[in-house]
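*Asks:* starting from these lines, generate the structure:
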Amino acid sequence: MSSSTLKSVDGSILKPAVELARASNVRFPNESAEYRRAREALLAEEIELRRHIERVAEQRRRLPSGGEVTKNYAFEGESGPASFADLFGDKDTLVVYNYMFGPQRERPCPMCTSLLSAWDGEVPDIQQRVALAIVARSPIERLNAFKRERGWHYLPLFSDISGEFSRDYHGLTKDGGDDAAFNVFTRRDGAIRHFWSGEMNGASADPGQDPRGAPDLMPIWTILDVTPEGRGKDWYPKLSY
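*Replies:* Presented below is the predicted three-dimensional model:
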């Protein structure tokens with residue numbers, strides 16, 4: 001077996017992506033030979049992308065233990081006060097999204113809102129596997145009012161009462177404004193620890209692109225990225241149209 005033999009994350013042998021793409025039987029009415037050649041080449045790249053996503057996910061899962069959460073962060077949820085441990089419910093993993101809707105904002109961030117609108121219907125499925133908390137610095141009454149306005153059904157909203165959690169886990173900018181943050185925590189052997197955070201920002205962005213993580217959390221960009229127009233450079237979601 002050569003050193004260049006491709007293996008999956010579980011050690012099984014992988015066929016070259018070009019070979020898999022060539023074996024595809026998908027054809028569409030009236031397509032040209034030129035289109036099929038270009039599409040086959042693209043399909044090979046898409047297969048490689050899928051494989052790379054799997055490798056990155058496996059590498060992420062192998063991260064060593066992160067820093068222990070030792071502060072007594074306090075939140076206000078839709079059912080009343082909640083500790084950080086309470087956010088886990090009966091799960092051992094907690095996903096927290098910091099929503100840019102702090103007290104200095106008249107209205108919430110349209111980009112965050114678009115993301116959360118897409119997530120809302122997925123919450124019952126997500127909660128089969130892990131706990132989820134959407135955290136913002138506005139009072140819970142204000143968050144609930146916007147939840148009703150937006151027609152959200154399932155998103156579990158929590159007010160970060162003191163803002164200390166948001167400050168520690170990069171949900172605030174240096175000047176005290178809101179910033180979006182995406183963090184994952186674990187509860188193992190009686191200890192709560194930070195597991196992973198989205199760390200891509202302006203410093204890690206490529207020229208001509210908005211800072212974004214990989215994979216992108218927003219389903220809207222996944223759809224637009226497969227269109228001829230793409231996501232563009234001058235269009236962003238709004239709260240209303």
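*Asks:* please count neighbours and contacts with C-alpha atoms only from this point.
*Replies:* Will do.
*Asks:* now do the contacts for the residue sitting nearest the centre point of the chain.
*Replies:* Computing the C-alpha centroid of the chain and ranking residues by C-alpha atoms, centre = their mean puts residue 217 first, at 3.5 Å. Residues counted as contacts of residue 217 (C-alpha atoms under 8 Å, 6 or more residues apart in numbering) are residue 115.
*Asks:* next, it: secondary structure please.
*Replies:* coil (DSSP: H, G, I helix; E, B strand; the rest coil).
*Asks:* roughly how far apart are it and residue 182?
*Replies:* To residue 182, residue 217 is 9 Å away according to C-alpha to C-alpha, to the nearest Å.
*Asks:* wait, residue 221 touches residue 231, no?
*Replies:* Yes: at 6.2 Å, residue 221 and residue 231 qualify as touching, with contact defined as C-alpha atoms under 8 Å.
*Asks:* which element is the residue nearest to residue 21 when sequence neighbours are not counted on?
*Replies:* Leaving out its chain neighbours, the residue that sits closest to residue 21 by C-alpha to C-alpha, 6 or more residues apart in numbering is residue 44, at 5.3 Å. Per DSSP states H and E: residue 44 is located in helix 33-61.
*Asks:* and residue 76, its phi and psi?
*Replies:* In terms of degrees, to the nearest 10, the main-chain angles of residue 76 are phi -120, psi 120.
*Asks:* nearest residue to it other than its sequence neighbours?
*Replies:* Nearest one to residue 76, counting by C-alpha to C-alpha, 6+ apart, is residue 159 at 5.0 Å.
*Asks:* what is the burial count for the one you found?
*Replies:* By other C-alpha atoms under 10 Å, the residues close to residue 159 number 26.
*Asks:* what does residue 183 give?
*Replies:* The local packing of residue 183 (other C-alpha under 10 Å) involves 18 other residues.
*Asks:* let me know the secondary structure of it.
*Replies:* strand.
*Asks:* correct me if wrong: residue 84 contacts residue 75.
*Replies:* Yes: the pair residue 84 and residue 75 passes the contact test of C-alpha under 8 Å, sitting 7.3 Å apart.
*Asks:* of these two, which one has the most company?
*Replies:* Between residue 84 and residue 75, residue 75 has the larger neighbour count (other C-alpha under 10 Å), namely 25 against 16.
*Asks:* list the contacts of the more buried one.
*Replies:* 81-84, 158-161.
*Asks:* of these, which is the most crowded?
*Replies:* residue 158 (28 neighbours).
*Asks:* what's opposite that one in the beta bridge?
*Replies:* residue 77, residue 135 (DSSP bridges).
*Asks:* what residues are up against it?
*Replies:* Contacts of residue 158 (C-alpha under 8 Å, 6+ apart): 75-78, 133-136, 140.
*Asks:* give me the pLDDT value at it.
*Replies:* As predicted, residue 158 sits at a pLDDT of 98.
*Asks:* before we move on, what about residue 6?
*Replies:* Predicted confidence (pLDDT) for residue 6: 75.
*Asks:* separation between it and residue 15?
*Replies:* 7 Å.
*Asks:* same check on residue 234?
*Replies:* Taken as C-alpha to C-alpha, the span from residue 234 to residue 15 is 40 Å.
*Asks:* quick revisit: which other helices and strands contact the helix holding residue 44?
*Replies:* helix 17-22 (3 or more C-alpha pairs under 8 Å, 6 or more residues apart in numbering; DSSP states H and E).
*Asks:* that concludes my questions; thank you for your assistance.
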